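# Using only what follows, build the 3D model:
(2 chains)
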Amino acid sequence: SQQGEEDPQALSIQEGENATMNCSYKTSINNLQWYRQNSGRGLVHLILIRSNEREKHSGRLRVTLDTSKKSSSLLITASRAADTASYFCARQDSGGSNYKLTFGKGTLLTVNP
Amino acid sequence: ETGVTQSPTHLIKTRGQQVTLRCSSQSGHNTVSWYQQALGQGPQFIFQYYREEENGRGNFPPRFSGLQFPNYSSELNVNALELDDSALYLCASRAGLGSYNEQFFGPGTRLTVL
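All right, here's what the predicted structure looks like:
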């Protein structure tokens, strides 16, 4: 079963607006990663944030991690129609099961022109 | 494009049949993982292969099996197909087992079981 939830499940915004997606989890993690998926195809890696990091940036993307609250957020600034996709957080747990990624159910982002 | 390829793109099978899905990893990557993604869900980890040996498995029954070859390409085999096996099957490759090594996903194989 999947643990961890993205919030919201769906988000619809206008081009130029910012989009924020949240991810919660219950375990102790080694790192947390964000992925994008277009139309049910392959996943594209966006950002990896380690458990000892609090914030990372990549272009228009900003990811934060709060391990005390067991939550992460992905902010996309100045959104474009091409950002329309599903976004998933995936955690890699610390300890013996760190060979796998555990994904949430994702947030479907729609950016309207 | 990530350099990870999967074949076939789409596949239709009937319940009870067997299927083999293939994955060619990115050059230099010796670790391959397989994931199952049901419609509207996030991917679920099936298993991982490192240097031709399975070194991690998710909560999937034994009828899901795999192989990794000396060139690090991989196969996912599913026996006795069930309707619930209908899903997008994704493989991902990376270099080694390091926790911070980025995984590169292929485009997936969409399997429909009738």
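# Do I have it right that residue B:113 meets residue B:89?
No - counting by Cβ atoms under 8 Å, residue B:113 stays clear of residue B:89, with 11.8 Å between them. Where you see a C-beta, it was placed from the backbone N, CA and C, and this is true even at glycine.
# what does chain B have sitting close to chain A?
B:2, B:4, B:33, B:35, B:37, B:39-45, B:48, B:55-56, B:58-59, B:88, B:90, B:92, B:97, B:99-100, B:102-108, B:110 (Cβ under 8 Å from any Cβ of the partner chain).
# List buried residues within these.
The neighbour-count criterion (16 or more other Cβ atoms under 10 Å in any protein chain shown) marks B:2, B:4, B:33, B:35, B:37, B:41-45, B:48, B:56, B:58, B:88, B:90, B:92, B:103-108, B:110 among those as buried.
# Now go through those residues and say which are in strands.
Using DSSP state E, the subset of those located in strands is B:33, B:35, B:37, B:44-45, B:48, B:56, B:88, B:90, B:92, B:104-105, B:110.
# With neighbour numbers in mind, choose between residue B:113 and residue B:89.
residue B:89 (23 against 19; other Cβ atoms under 10 Å in any protein chain shown).
# quick one, what contacts that one?
Each residue near residue B:89 by Cβ atoms under 8 Å, 6 or more residues apart in numbering or on different chains is listed here: B:6, B:21, B:34, B:35, B:36, B:37, B:76, B:108, B:109, B:110, B:111.
# So which bits of chain A are right by chain B?
Listed as neighbours of chain B in chain A under the rule Cβ under 8 Å from any Cβ: A:1-2, A:30-31, A:35, A:40-45, A:48, A:50, A:88, A:90, A:92, A:97-106.
# circling back: just give me the closest of the ones in strands among the buried ones among the residues of chain B next to chain A to residue A:21.
The shortest approach to residue A:21 among these belongs to residue B:37, at 18.2 Å (Cβ to Cβ).
# mind checking pLDDT for the closest one?
Residue B:37 is assigned 97 on the pLDDT scale.
# From residue A:69, how far out is it?
Remark: distance between residue B:37 and residue A:69 (Cβ to Cβ, to the nearest Å) = 28 Å.
# just for chain A, where's the confidence low?
A:1-4, A:96-98 (pLDDT under 70).
# State the pair within the ones in strands among the buried ones among the residues of chain B next to chain A that is farthest apart.
For these, the farthest-apart pair by Cβ to Cβ is B:56 and B:110; their separation is 24.5 Å.
# I figured residue B:93 hits residue B:72, correct?
Yes - assessed by Cβ under 8 Å, residue B:93 is found in contact with residue B:72 at 7.4 Å.
# Return every residue with contacts to both of those two.
B:25, B:29, B:32.
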